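*Asks:* please work out how this folds:
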Amino acid sequence: MSALTGYESAVAELRNNEEQWRAFESQGHCVTLAGPGSGKTKVLTTKMARILREDVREPRGVACVTYNNECARELVRRLHRLGVADRPNVFVGTLHRFCLRFVLRPLATHLGIDVPRPIRVASEAERGSALDAAVREIGVYARDFKSTFVPFRRNALTREDGREGWEPGDRGLTDVCLAYERRLRAIGSIDFDDIVLLSVRAIERSAIARQCLRARFPVLFVDEYQDLGLPLHRLVNVLAFGGGVRLFAVGDPDQSIYGFAGARPSLLHELSQRDEVERVELRTNYRSGRRIVAASEHALGVERRFRAESPEDGEVVITACPDGLDAQVAHAVGTLIPNARRVGKRFGDIALLYPTQQEGDALERALRDAAIPYVRLDKGAGYRRTPTVQWIEELAAWCCGGWKDGTPPVSRLMRTWAELLSLATDQEAFAARRALVRFAFSNRNPSGAANTWLQRLREEVLASRLSLLDQDEQDAVAELFAACSLEGNLAGLDIGMFAGKSGSPDHVVLMNLHTSKGTEFSTVVLVGMDDGRMPIYLAQTADAVAEQRRLFFVGVSRAKHAVHLLYSGWTKNQYGRRYDLGPSPFVVELERKLGPAA
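*Replies:* Take a look at the predicted model:
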């Protein structure tokens with residue numbers, strides 16, 4: 001009897017779970033509400049593979065929109081294992097990429113969308129300068145507006161003359177937004193939010209736009225729905241319930257932690273309650289031990305009836321370190337990591353999570369001093385991981401052994417490179433791919449410093465084409481090269497470590513709690529579980545505190561076998577002022593509800 005294919009094996013696994021099988025067998029619109037470790041990515045990707053095999057024929061295909069590039073990369077890796085090859089009729093990426101590639105670039109001229117031609121995305125510096133100038137122009141107090149500018153603008157979808165039509169209609173914010181957009185247009189640019197907002201407006205107003213999208217993608221998948229906010233919700237409503245596109249969405253409102261970026265978990269609840277939508281809930285946790293699953297539910301503070309599939313209890317250990325953050329760091333690096341290693345855990349099985357960069361910096365210093373290999377994946381990592389920078393990391397991973405089993409597939413590397421460059425002709429695309437393939441195959445199995453490999457990449461592939469990238473991408477690539485230069489803070493970064501920036505079995509993973517969503521590790525250590533850090537002192541409203549609780553829930557639920565929570569009962573700010581606020585109230589409540597281990 002022949003061995004099962006990756007797809008057949010995945011389908012067989014889904015049969016063993018009634019909830020997963022129901023989602024897999026759904027025929028119309030379906031929303032799957034999936035708790036931590038419940039297999040939602042397996043359900044999503046296997047469903048995609050099935051629809052491509054049974055329901056959709058080329059050149060038509062499917063599109064899957066997800067929150068960020070890291071989520072997209074994981075989905076692509078899973079699809080590859082299911083036999084879904086990289087091909088033009090399958091899109092997996094962010095909402096920004098979807099709108100830019102399939103709405104603005106091909107349809108802007110035909111639909112009369114007001115965008116610069118060619119489409120140019122403003123750099124981070126240009127966006128900051130335009131916002132500062134807009135605030136001064138309108139004459140408002142910047143401190144009151146900058147923190148609310150992004151979520152307001154991402155929820156204010158319409159652009160009529162003056163202020164009319166804006167939602168929710170705050171006059172000061174409306175005027176700042178309009179002035180900000182005028183200044184970007186004056187330099188021939190749009191920003192990332194414009195890409196989505198203008199596209200959603202066009203799709204809502206134009207039957208031609210809806211027909212074009214349905215003709216290309218009759219089925220739309222959405223991953224991490226709770227994180228994508230009102231623009232995506234409006235797009236889903238017009239395509240699925242007005243444009244004839246079939247919808248399959250997965251998400252978890254309990255893991256909505258990006259309110260500062262415009263996420264609204266209520267939208268997923270609203271979608272799941274529609275009469276046209278089949279609602280499926282996944283409650284079985286395949287990741288964590290029983291005690292950890294119970295701790296996760298207590299951390300959330302809401303009864304969800306999670307079920308643990310594991311026969312093991314798992315460890316939940318809460319440790320007081322009265323001497324402050326340095327003592328927490330010393331315990332994590334000097335005791336917990338060696339203990340995990342003694343019971344057979346690899347460095348890559350261990351994650352150190354924290355609420356703010358202050359804890360991350362202290363942990364990074366301690367790991368470096370202890371000569372423990374690590375990767376840091378949050379914004380304190382030394383450079384921004386934009387799509388181009390992540391593509392460079394993937395290319396490094398291919399060169400560092402990924403070529404042996406096609407991870408990532410070289411075809412995807414070439415396609416992504418051509419998309420990033422927005423090449424106008426087939427001849428230009430061919431030349432870019434040829435230079436890339438020549439470099440990749442002549443630089444397999446590199447060793448030594450990442451800087452050396454990056455310099456060769458710049459000379460052989462990037463130099464003549466960097467100007468074709470969006471300005472923000474050019475700036476991010478420059479930051480990467482500066483960080484890895486001989487004078488940079490990552491001067492000693494090994495190429496193998498650089499290639500493992502998405503995680504490596506040989507490196508402890510260091511990241512903030514927001515970045516940790518979607519990951520899992522054998523041992524998780526939560527550092528900085530003090531009031532003022534968790535919840536963060538800036539959380540002044542009930543909604544903000546609720547989101548911080550969800551963030552705490554995300555951190556606890558990353559662990560398979562052991563989760564350690566460290567606190568001191570006091571914190572210091574960047575100026576050395578001490579605050580004796582006690583441990584996190586979430587930790588206090590968790591310890592009380594969980595009780596002693598059996």
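
*Asks:* what's the mean pLDDT across stretch 44-56?
*Replies:* The pLDDT scores in stretch 44-56 average 94.

*Asks:* shaky segments in the stretch 251-400 of the chain?
*Replies:* In the prediction, the stretch 251-400 of the chain carries residues with pLDDT under 70 at positions 380-382.

*Asks:* show me where it has its strands.
*Replies:* Secondary structure of the stretch 251-400 of the chain by DSSP state E, counting those that start in this stretch: the strands cover 278-282, 284-285, 307-308, 315-320, 350-354, 374-376.

*Asks:* show residues contacting the fourth one.
*Replies:* With contact meaning CB atoms under 8 Å, 6 or more residues apart in numbering, strand 315-320 is reached by 289, 291-292, 295, 331, 556, 561-569, 583, 587, 590-591, 594, 597. Using the backbone N, CA and C atoms, a C-beta is placed for each residue, glycine as well.

*Asks:* report the buried members of the residues you listed.
*Replies:* Applying 16 or more other CB atoms under 10 Å to the contacts of strand 315-320, the neighbour count classes 289, 291-292, 295, 331, 556, 561-568, 583, 587, 590-591, 594 as buried.

*Asks:* re the thing from before, tell me which of the strands of the stretch 251-400 of the chain is the most buried.
*Replies:* Stretch with highest mean neighbour count among those: strand 350-354 (a mean of 28; mean count of other CB atoms under 10 Å).

*Asks:* check which helices and strands it is in contact with.
*Replies:* helix 357-369, strand 508-512, helix 513-516, strand 521-526 (3 or more CB pairs under 8 Å, 6 or more residues apart in numbering; DSSP states H and E).

*Asks:* kindly recompute the last result at 6 Å.
*Replies:* strand 508-512, strand 521-526 (3 or more CB pairs under 6 Å, 6 or more residues apart in numbering; DSSP states H and E).

*Asks:* chain center to the first one: distance?
*Replies:* Taking the mean C-alpha point of strand 508-512 and that of its whole chain, the gap between them comes to 15 Å (CA atoms, centre = their mean, to the nearest Å).

*Asks:* contacts for it?
*Replies:* For strand 508-512, the surrounding residues in contact (CB atoms under 6 Å, 6 or more residues apart in numbering) are 347, 350-352, 354, 363, 372, 374-378, 503.

*Asks:* which among those residues gets closest to Arg234?
*Replies:* For these, the closest approach to Arg234 (CB to CB) belongs to Asp378, at 30.3 Å.

*Asks:* residue contacts, that closest one?
*Replies:* By CB under 6 Å, 6+ apart, the contact list for Asp378 reads Met511, Asn512, Thr515.

*Asks:* tell me the helices in the stretch 101-250 of the chain, going along the chain?
*Replies:* Counting by DSSP state H, counting those that start in this stretch, the stretch 101-250 of the chain has these helices, from start to end: 105-111, 124-138, 142-155, 171-186, 192-205, 207-216, 229-240.

*Asks:* please name every helix or strand in contact with the second one.
*Replies:* Read that as helix 124-138. In terms of contacts (3+ CB pairs under 6 Å, 6+ apart), helix 124-138 is packed against helix 171-186.

*Asks:* got any ranges where the stretch 101-250 of the chain has weak pLDDT?
*Replies:* Scanning the stretch 101-250 of the chain for pLDDT under 70 picks out the ranges 140-147, 156-171.

*Asks:* now the longest strand along the chain: mean pLDDT?
*Replies:* Counting residues, the longest strand found in the chain (DSSP state E) is strand 559-567. Mean per-residue pLDDT for strand 559-567: 97.

*Asks:* which residues touch that strand?
*Replies:* Strand 559-567 has contacts (CB under 6 Å, 6+ apart) with 287-288, 292, 314-319, 321, 328, 336, 522-527, 529-530, 556, 583, 587.

*Asks:* in its sheet, what does the next helix or strand along the chain from it sit against?
*Replies:* Sequence order places strand 571-572 as the next helix or strand after strand 559-567, per DSSP states H and E. Using DSSP bridges, the strands paired with strand 571-572 are strand 578-579 (antiparallel).

*Asks:* find me the pLDDT at the spatially most central residue of the chain, would you?
*Replies:* Residue closest to the average C-alpha location in the chain (CA atoms, centre = their mean): Asn68, at 3.7 Å. The model reports Asn68 with a pLDDT of 81.

*Asks:* hey, where'd the helices end up in the stretch 451-598 of the chain?
*Replies:* For the stretch 451-598 of the chain, the helices defined by DSSP H, counting those that start in this stretch cover 471-484, 495-499, 513-516, 542-556, 585-594.

*Asks:* who are the neighbours in contact with Gly289?
*Replies:* Neighbouring residues of Gly289 by CB under 6 Å, 6+ apart: Ser310, Glu312, Asp313, Gly314.

*Asks:* out of these, give me the one that has the most neighbours.
*Replies:* Of all these, Gly314 has the most neighbours under the rule other CB atoms under 10 Å, reaching 22 neighbours.

*Asks:* quick one: Gly35 from Phe553, how far?
*Replies:* As defined by CB to CB, to the nearest Å, Gly35 lies at a distance of 10 Å from Phe553.
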